[in-house]
Structures are given as C-alpha cells and as structure tokens.
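S.K.: Pasting a predicted model and its sequence here:
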Amino acid sequence: MVLLRQLLGDVLRQLRLRQGRTLREVSAAARVSLGYLSEVERGQKEASSELLSSICKALGVPLSHVLREVADQLALAELQHEPVMAGAPPEHERIAAESIPETPEEITGDFRPDMVAA
C-alpha cells in the first residue's frame with residue numbers, strides 16, 4: 001500500500017534536491033526543526049497543512065504544485081496495482097476460451113420461443 005505521507009515526502013525531497021538546497025537551509029526558512037523536516041521527507045511524519053504551506057513557501061513553490069505532483073504519483077501507483085481492464089472478472093471467474101462455442105449451432109440448452117430471434 002502506498003502511503004500519502006511517503007509520496008509527499010518524496011516530492012518535497014526531490015524539489016529541495018533539484019534546488020541544490022540542504023535540509024538545514026529549508027528547515028531554517030520554513031521555521032521547522034531540521035529533524036522534523038527530515039522525518040517529513042522520509043515519510044515518517046504527517047505534516048499539517050500549515051507546515052506544508054511553510055515548507056512550500058521556503059522552497060518557493062505553490063502548495064498546489066506539490067499536491068498535483070503527489071496526486072500524479074499516487075495515480076501511477078494505483079494503476080500499477082489495478083487490473084488493466086477495469087471491471088474485468090478475477091482470474092477464478094474467467095471463462096476458459098475452449099469452453100466458448102465457436103458457432104451458434106454448438107450452443108445447446110432449453111430456449112423459450114421469446115428468446116429466439118425471428
């Protein structure tokens with residue numbers, strides 16, 4: 001299972017590293033302890049909306065940008081764990097190809113008159 005706090009931490013760390021900044025620099029600018037910011041980046045702590053806003057301001061990026069990036073990564077993670085075809089039956093409910101009749105003549109069973117096409 002993908003944890004939102006881990007994705008959020010990854011995005012924040014990537015932004016910080018792209019800027020070539022240290023944890024110390026960003027923690028000072030965001031007015032948050034170095035240890036706490038480190039735990040947020042590692043996905044060990046859930047940051048409040050106020051703290052996220054402060055971190056984003058320190059990084060010079062809008063919170064909406066960070067949340068969009070997290071949403072995109074979450075969507076990718078979800079797709080990797082979902083069946084390719086939405087609504088596809090589980091493996092144990094699938095019909096074997098050899099059991100499907102090839103022609104209508106091979107279909108047997110009781111039909112009511114209203115079931116037969118005219």
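M.R.: In hand now; what should we look at?

S.K.: and stretch 58-77, which residues are buried?
M.R.: Ala58, Leu59, Val61, Val66, Glu69, Val70, Gln73 (16 or more other Cβ atoms under 10 Å). No exception for glycine: its C-beta is placed from N, CA and C like everyone else's.

S.K.: For the first one, give me its contacts.
M.R.: It refers to Ala58. When contacts are counted by Cβ atoms under 8 Å, 6 or more residues apart in numbering, Ala58 touches Val26, Ala29, Ala30.

S.K.: Test my guess that the last one contacts Leu37.
M.R.: If I follow you right, that is Ala30. Yes. Contact criterion Cβ atoms under 8 Å: Ala30 and Leu37 qualify, at 6.9 Å.

S.K.: Between the two, which contacts overlap?
M.R.: Ile55.

S.K.: would you list every one of the strands in this structure?
M.R.: Taking DSSP state E, the chain contains no strands at all.

S.K.: which intervals of this protein have sub-threshold pLDDT?
M.R.: Applying pLDDT under 70 to the chain flags residues 82-118.

S.K.: In it, where's the longest helix?
M.R.: Longest helix in the chain by number of residues (criterion: DSSP state H): helix 63-81.

S.K.: and that one, C-alpha only, in PDB?
M.R.: Output of helix 63-81 as PDB, limited to C-alpha atoms (Å, rounded to 0.1, in the frame of the first residue of the first chain):
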ATOM      1  CA  LEU A  63       1.300  24.100  -2.400                       C
ATOM      2  CA  SER A  64      -1.000  23.200  -5.300                       C
ATOM      3  CA  HIS A  65       2.100  22.300  -7.400                       C
ATOM      4  CA  VAL A  66       3.300  19.900  -4.700                       C
ATOM      5  CA  LEU A  67      -0.200  18.400  -4.200                       C
ATOM      6  CA  ARG A  68      -0.600  17.900  -8.000                       C
ATOM      7  CA  GLU A  69       2.800  16.100  -8.200                       C
ATOM      8  CA  VAL A  70       1.700  13.900  -5.300                       C
ATOM      9  CA  ALA A  71      -1.600  13.200  -6.900                       C
ATOM     10  CA  ASP A  72       0.100  12.200 -10.200                       C
ATOM     11  CA  GLN A  73       2.400   9.800  -8.400                       C
ATOM     12  CA  LEU A  74      -0.400   8.300  -6.400                       C
ATOM     13  CA  ALA A  75      -2.400   7.800  -9.600                       C
ATOM     14  CA  LEU A  76       0.600   5.900 -11.200                       C
ATOM     15  CA  ALA A  77       1.000   3.800  -8.100                       C
ATOM     16  CA  GLU A  78      -2.700   2.900  -8.100                       C
ATOM     17  CA  LEU A  79      -2.600   1.900 -11.800                       C
ATOM     18  CA  GLN A  80       0.300  -0.400 -11.200                       C
ATOM     19  CA  HIS A  81      -1.900  -2.400  -8.700                       C
END
